[in-house]
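Novice: Model the structure of this input:
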Amino acid sequence: MTLCLCYFTRTQQAVPLQFWSIIRRGEACLVRETQTPNFIERTPPLNNNRMLWLTVALLVTALTAGGALAQDNPPAGNPEAVAPEFPPSTEWVNVDGELTMADLEGKVVLLDFWTYGCINCLHMIPVFEQLEAKYADELVIVGIHSAKFENEGETRNIQEIVQRYEVKHPVLNDNQFIMWQTYERFLGRRLAWPTLVLIDPRGNVFAAQSGEVPFEPLDDVIGQMVTYFDTQGELDRTAIDKLQPELNAAPPRALNYPGKVLADADGNRLFIADSVNHRIVIADLESYEVLDVIGNGAQGYTDGDYDEAQFYKPQGMALRDEVLYVADTFNHTVRAIDLTEETVTTVAGTGTQGRSIPQAQ
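Specialist: Have a look, this model is predicted:
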């Protein structure tokens, strides 16, 4: 399987595996503030006459091997490609007030242009969770929610989605496409859902890529940026007080965005996929009394008995005899619950998202 990445370069020479869409000194026009009142016009586009986009097919397995960046090509953005400021007077989720680029100085920043009606965007959420767990003090992911449909642009709906998918990073409601159009001008290309933009701790744009990107190449590039700027003494691991995940303040819920239900008339049972509580609830079909709970409620991937098993947003279910099959969505597995033995096992999947369809032999 291959992954196509784009690169900023001035020649047709092949680009090393570990590079993304990298902006180098002299390959972009100077980014200036102008006096025009139109926020979008304040950020001139990169000069496409001096920059060439190359698309190179790379093996994902090769990307996981990584490799250090050359000393003369450090993982730092072009100082002439200063990241545009966030538009003023816009609504934020998971932020107390408004966020500015100055607030993010000293952090590796990953902008995620997304919309919650895009399945490819939703596929990136567990990848972001992995990155945020590994680089908790060094990386800030900022969601730029540029709604595809009108209802998706309502802040209240975005807040619901943020809680449903347990998104803890800041999200800007870009329903007027101000940031979207700003970065289209800045990069000199059309954006897509999703598009990722990497900004270094100095506030300079370093790389950009559209489409789903697996954890490994993101980890490779971000890890090298963290190492480099740490050695330069420019990495700031201080917590940002403005970041206030709404999920942390949400009260516990007996059911938290349940995704599916399955009625078993013969057994007088109702199976509930309590998706965001990461568990399966069994209730009496008539009285709705809770008969049993499967899973300890912690997000994870663990087989075992009811108390130790872990799920990650379980959804669809099917019952055959006394075995309940569950689509464990974010674990990319099918789990089998033996209702007699009270155990959970995995019958399909490895816990990692597949990115190709196996060919029949």
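Novice: For the chain, give me the ranges with low pLDDT.
Specialist: Residues of the chain that meet the criterion pLDDT under 70 lie in 1-72, 248-250, 355-361.
Novice: if you go through it in chain order, where are the helices?
Specialist: Listed in chain order, the helices found in the chain under DSSP state H are 60-65, 119-134, 155-164, 178-187, 215-231, 246-249.
Novice: Most tightly packed of the ones you listed?
Specialist: Stretch with highest mean neighbour count among the helices of the chain: helix 178-187 (a mean of 21; mean count of other Cβ atoms under 10 Å). All C-beta atoms are positioned from the backbone trio N, CA, C, and that covers glycine.
Novice: chain center to that helix, what's the gap?
Specialist: 20 Å (Cα atoms, centre = their mean, to the nearest Å).
Novice: Among the helices of the chain, which comes closest to Leu104?
Specialist: The stretch from these with the least distance to Leu104 (Cβ to Cβ) is helix 215-231; that distance is 12.9 Å.
Novice: can you tell me how far the residue located most distally from the centre of the chain sits from Ala283?
Specialist: Distance from the C-alpha centroid of the chain peaks at Asp266, with 41.8 Å (Cα atoms, centre = their mean). Counting by Cβ to Cβ, to the nearest Å, the separation of Asp266 from Ala283 is 15 Å.
Novice: got it, and Phe330?
Specialist: Relative to Ala283, Phe330 is positioned 24 Å away (Cβ to Cβ).
Novice: if I read this right, Gly153 contacts Asn175, doesn't it?
Specialist: Yes. Gly153 sits in contact with Asn175 when judged by Cβ atoms under 8 Å, with a separation of 3.1 Å.
Novice: So for these two, which residues contact both of them?
Specialist: His145, Ala147 (Cβ atoms under 8 Å, 6 or more residues apart in numbering).
Novice: one step back: show me which of Phe330 and Ala283 is the more surrounded one.
Specialist: Set Phe330 next to Ala283 and count neighbours by other Cβ atoms under 10 Å: Phe330 wins out with 23 against 18.
Novice: list the contacts for the closest residue to that one other than its chain neighbours?
Specialist: In space, and not counting its chain neighbours, Phe330 is closest to Tyr312: 3.9 Å by Cβ to Cβ, 6 or more residues apart in numbering. By Cβ under 8 Å, 6+ apart, Tyr312 lies in contact with Pro126, His278, Gln299, Gly300, Tyr301, Asp328, Thr329, Phe330, Asn331.
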